[in-house]
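Student: show me how the following folds:
(chains A and B)
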Amino acid sequence: MNDINSFLSRLNSTINFSTILPEIILIVGLITIVITDLVNKGKNAIFLYKIFLVSTLVSMGILFYQLISVIAFEDLYTNNIFNNLFRFFILICSFISVLLSVDYVLCSKISLAEFPLFKISAGLGGMILSCATDLITIYVSLEFLALSSCFLSGYTKRDIRSNEASMKFLLMSGASSSSLLYGFSLLYGFSDGQVQLDNIIDKILFSQYLPTICISAAFILAGTAFKLSLFPFHQWTPDVYEGSPTPVVAFFSVTSKVAALSLFTRLFRLIFPYLSNEWHIVVELLAISSMILGNLIAVTQRSFKRMLAYSSISQIGYVMIGILAADLENGYASMLTYTFIYIFMNLGTFARITLFSLRTGTDNIRDYAGLYMKDPVLTFSLVLCLLSLGGIPPLSGFFGKLYLFWHGWKAGLYISVTVALVTSVISIYYYLKIIKLMLTKTTNPVDTLKTYEKQKSLVSSVISTKLKSSVEMAMILCALASTLSGLFMDPIIKITRNTFF
Amino acid sequence: MNLSELIHEFILALIEPGILVGSIGTVSFINTANSAFSLGLVFTCISLLYFALNADFIAAAQLLVYVGAINVLIVFAVMITDQSVSSDSEKRGIGYFTALGACSILFLTIVCIFHKINDFYSSSIHQSEYLKLNLFEQNDVQNIGYQLLNKFLVPFELASLLLLVALVGAINPARDEDEGKDIAENQKKSFVSSTSPRDKSSFF
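Tutor: Numbers count the residues shown, from 1 in each chain, chains lettered A, B, ... in the order given. Next up is the predicted model:
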């Protein structure tokens, strides 16, 4: 007992637990979910989702409380504003994506209990990744996020496409994290055994080892560009997005991208400041090719989820301009603002797709024809979210893009901003194509209407089509955020300004 | 060379042929079970090499992880699959020579690097510095345990959670789904009966 007492007293004096309190609450939620499912023997699974939502909300509340303070936790975390904002984004992503996944999981007759478990663990991995400043913590949390996402994407195990998606995701993420690890090992070796990012910069003699540092930067770039699905490393994205169940795609189209963005920014800003010309050029090239490729291929897609996969590739291309345009007075404000708006736009679109696919069981864009007649609420909110993704003026996507491109132009990235403007116009084309399809009357009304009615009667015995369903809650939230954030842009920009480190 | 160095050389001379024979056996046995077992021989000899080099923690980890888990998994997988009749392909295509060339270049590079490092570190200045460091007196395992619970507490606990999630995720696709179907049926019935007018949502 003496040893335990002395250990606990030493623990309390050296470790400040309040900094990781949001993560601890998520862990408590995870354990509660496991134990509750065990005790209830599989009945009353909706309760598990409520536990998840409650723990996420409590975490968010505590994070708000800590948002301004800067505390270091044993050199593994640094809670500056940049990191806290990313943790907050990831909590928002988890919260909204669970709201829109409840009905889907209920309908598809697969076991309900593990779904919130994997979502909490992925959110936890993302949160710890956002504020890790230590190579080992970065790697473990990245693997945590990747593994949980892989299990989520293979969740509907009866569907062959889901199996294929999770297999592809597992193999590609394994290959990319091994290249990331090789880059880390080079850094570890040259800095004489230091694992923390700050100590690494202190000890590496950049002038002496420059070629090998460049090799290490290339490997780290390859590893992180996979998660971000930038140009040459984007091949997994359309197949995985098309195969996985729709709420899961919603979840990892925002969460893993946001977490990978924070990792990318932190690694490249802290470790390779002397190489900033080299990696700026490479990242600019990757961003331009992602924008061009994503938008051009999205024009030809027939499946909605695949089209959204390619459009998310191009959105990340735009965000890369924000990373390159960071300077002293504004920090990463443009990137953070656009990421915030992107989360709501993307989740809103996916919420509506989930609702539509629950009612009709199809993912084809052609089947959205004439939706205005059958369900005006769904149509109108989908129109809002798609226009916001495209960047049409009164909605918040326009203000996000404007700020981003203005900062990029000011920082001298003329080619990137020009390409981004051109490809934005191309993206407006394919979003408007869908909107036109929905708003006009369909040419053969027989087939789609029949399928719509039949599925509706099958499904509505389980979910309700009235306003209080959780998917509709998520839809309304995202629609409001997509439109009104544009008006409230100024306070958001002011918060995200002080983030240069 | 005094007696201790002689014993050290002798032990190394025993272990290294074991590694060599085992790896040649792994790639050239026709029966796959034999090659899986010779892979086990290679891993065990590498672990003995770590013991001889005074790295006791890594030696124990190698035995537990590689021999105890990975090799057992490989042997298990080999035993389950059918033994296909190996085709006797004697013609050596372009792939064979490319691989041969690449591997020999790699081998020569590693040998050159090791010679350079050996020349660098066997000069007398560095040897005296290393003796001052007194590396042989430290207790590796105790040091690792101390660091795991103090400096690397967060990744350590996170890795244990990762193990939990990995276990759940591995069992999830593999288990029998009939229980899940019955439970889902029960839930659906309870929903229909409890929310009769279909006005109230199932969530709130």
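
Student: ranges for the helices of the stretch 401-501 of chain A?
Tutor: Here the stretch 401-501 of chain A has its helices, by DSSP state H, counting those that start in this stretch, at A:414-439, A:445-459, A:470-484, A:489-496.

Student: wait, I meant chain B
Tutor: Listed in chain order, the helices of chain B (DSSP state H) span B:3-28, B:32-52, B:56-62, B:72-80, B:94-121, B:124-133, B:140-150, B:153-174, B:178-194.

Student: okay, those helices, which one's buried deepest?
Tutor: helix B:32-52 (a mean of 18; mean count of other Cβ atoms under 10 Å in any protein chain shown). Yep, even glycine has a C-beta here, placed from its N, CA and C like the rest.

Student: how far off centre is it?
Tutor: 12 Å (Cα atoms, centre = their mean, to the nearest Å).

Student: for whichever residue of the stretch 151-300 of chain A sits closest to chain B, give its distance to A:S166.
Tutor: When you check the stretch 151-300 of chain A against chain B by Cβ to the nearest Cβ, the closest residue turns out to be A:F151, at 3.6 Å. In this view, A:F151 and A:S166 are 7 Å apart by Cβ to Cβ, to the nearest Å.

Student: surely the residue of the stretch 151-300 of chain A closest to chain B touches A:F118?
Tutor: Yes: in this structure, A:F151 is within contact of A:F118 by Cβ atoms under 8 Å, at 5.1 Å.

Student: intersection of neighbour lists for those two?
Tutor: Residues touching both A:F151 and A:F118 by Cβ atoms under 8 Å, 6 or more residues apart in numbering or on different chains: B:165, B:168-169.

Student: pick out the residue of chain B closest to chain A.
Tutor: Closest point on chain B to chain A, by Cβ to the nearest Cβ, is B:G169, at 3.6 Å.

Student: tell me the pLDDT of that residue.
Tutor: Per-residue pLDDT puts B:G169 at 91.

Student: just checking, it touches A:F151?
Tutor: Yes: counting by Cβ under 8 Å, A:F151 is a contact partner of B:G169 at 3.6 Å.

Student: pull up the overlap in contacts between those two.
Tutor: A:114, A:118.

Student: ok now stretch B:106-113, how far from the chain's centre?
Tutor: 24 Å.

Student: that one - what's its average pLDDT?
Tutor: Confidence for stretch B:106-113, expressed as mean pLDDT, is 94.

Student: ok, now stretch A:149-160?
Tutor: Stretch A:149-160 comes out at a mean pLDDT of 88.

Student: so for the chain, the centremost residue is which one?
Tutor: Using chain A. A:V254 (1.9 Å; Cα atoms, centre = their mean).

Student: try again with chain B
Tutor: B:Y66 (4.6 Å).

Student: surely that residue touches B:C45?
Tutor: No: contact criterion Cβ under 8 Å: B:Y66 and B:C45 do not qualify, at 11.2 Å.

Student: mean pLDDT lowest where, among the helices of the stretch 401-501 of chain A?
Tutor: When I compare those, helix A:445-459 is least confident, with a mean of 46.

Student: near chain B at all, stretch A:112-126?
Tutor: Yes: using Cβ under 8 Å from any Cβ of the partner chain, stretch A:112-126 reaches chain B at A:112, A:114, A:117-118, A:121, A:124-125.

Student: before we move on, which element is the nearest residue to B:F152 once chain neighbours are set aside in?
Tutor: Of all residues beyond its chain neighbours, the one nearest B:F152 is A:I136 (6.0 Å), with distances taken as Cβ to Cβ, 6 or more residues apart in numbering or on different chains. Using DSSP states H and E, A:I136 sits within helix A:135-153.

Student: need the CA coordinates for that helix. PDB is fine.
Tutor: Written as PDB, here are the backbone C-alpha positions of helix A:135-153 (Å, rounded to 0.1, in the frame of the first residue of the first chain):
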ATOM      1  CA  LEU A 135       6.400  11.200 -32.300                       C
ATOM      2  CA  ILE A 136       5.200   8.100 -30.400                       C
ATOM      3  CA  THR A 137       1.900   9.600 -29.400                       C
ATOM      4  CA  ILE A 138       1.400  10.800 -32.900                       C
ATOM      5  CA  TYR A 139       1.900   7.300 -34.300                       C
ATOM      6  CA  VAL A 140      -0.200   5.500 -31.700                       C
ATOM      7  CA  SER A 141      -3.100   7.900 -32.100                       C
ATOM      8  CA  LEU A 142      -2.900   7.800 -35.900                       C
ATOM      9  CA  GLU A 143      -3.100   4.000 -35.800                       C
ATOM     10  CA  PHE A 144      -6.000   4.200 -33.400                       C
ATOM     11  CA  LEU A 145      -7.900   6.500 -35.800                       C
ATOM     12  CA  ALA A 146      -7.000   4.400 -38.800                       C
ATOM     13  CA  LEU A 147      -7.900   1.100 -37.200                       C
ATOM     14  CA  SER A 148     -11.300   2.300 -35.900                       C
ATOM     15  CA  SER A 149     -12.100   3.800 -39.300                       C
ATOM     16  CA  CYS A 150     -11.300   0.500 -40.900                       C
ATOM     17  CA  PHE A 151     -13.600  -1.400 -38.700                       C
ATOM     18  CA  LEU A 152     -16.300   1.100 -39.200                       C
ATOM     19  CA  SER A 153     -16.000   0.900 -43.000                       C
END
